[in-house]
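A.B. asks: Got a sequence here, can you model it:
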Amino acid sequence: MIGTIAAVLTTSSFLPQAIKVIKTKDTKGISLIMYLMNVTGIFLWFVYGILIHDGALIVANGITSSIILICKLKYK
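C.D. replies: Okay, here's the model as predicted:
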């Protein structure tokens, strides 16, 4: 239960930024290095979730930060 709540909170915390980036296509204020590090860490949590069969880790770390990274690279 605690893991699920943590997953929902940390994943949803990226939504306002993702929505803003998608709407404005402005990523100047986002550090590419920070996001590469963040997405790498999230990807590793995702892999770990797969390895231990933890749905909360898999879902929480699957998509949200990747959207912002893709926009950062696309709208550079």
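A.B. asks: Near I19, how many other residues are there?
C.D. replies: 12 (other Cβ atoms under 10 Å). The way it works is simple: take the backbone N, C-alpha and C, and place the C-beta from them, glycine included.
A.B. asks: actually A56, not the one I typed
C.D. replies: Other residues close to A56 by other Cβ under 10 Å number 17.
A.B. asks: buried ones in stretch 6-16?
C.D. replies: For stretch 6-16, burial by neighbour count (16 or more other Cβ atoms under 10 Å) applies to A7, T11, F14.
A.B. asks: Tell me where this structure has helices.
C.D. replies: 2-12, 15-24, 32-52, 55-60, 64-74 (DSSP state H).
A.B. asks: Tabulate those helices (JSON lines), appending mean pLDDT.
C.D. replies: Output for those, formatted as JSON lines (pLDDT from 0 to 100):
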{"stretch": "helix 2-12", "mean pLDDT": "80"}
{"stretch": "helix 15-24", "mean pLDDT": "85"}
{"stretch": "helix 32-52", "mean pLDDT": "86"}
{"stretch": "helix 55-60", "mean pLDDT": "80"}
{"stretch": "helix 64-74", "mean pLDDT": "74"}
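A.B. asks: if you skip the residues just before and after it, what's nearest to I50?
C.D. replies: Distances taken as Cβ to Cβ, 6 or more residues apart in numbering put I58 closest to I50, at 6.0 Å, once the chain neighbours are dropped.
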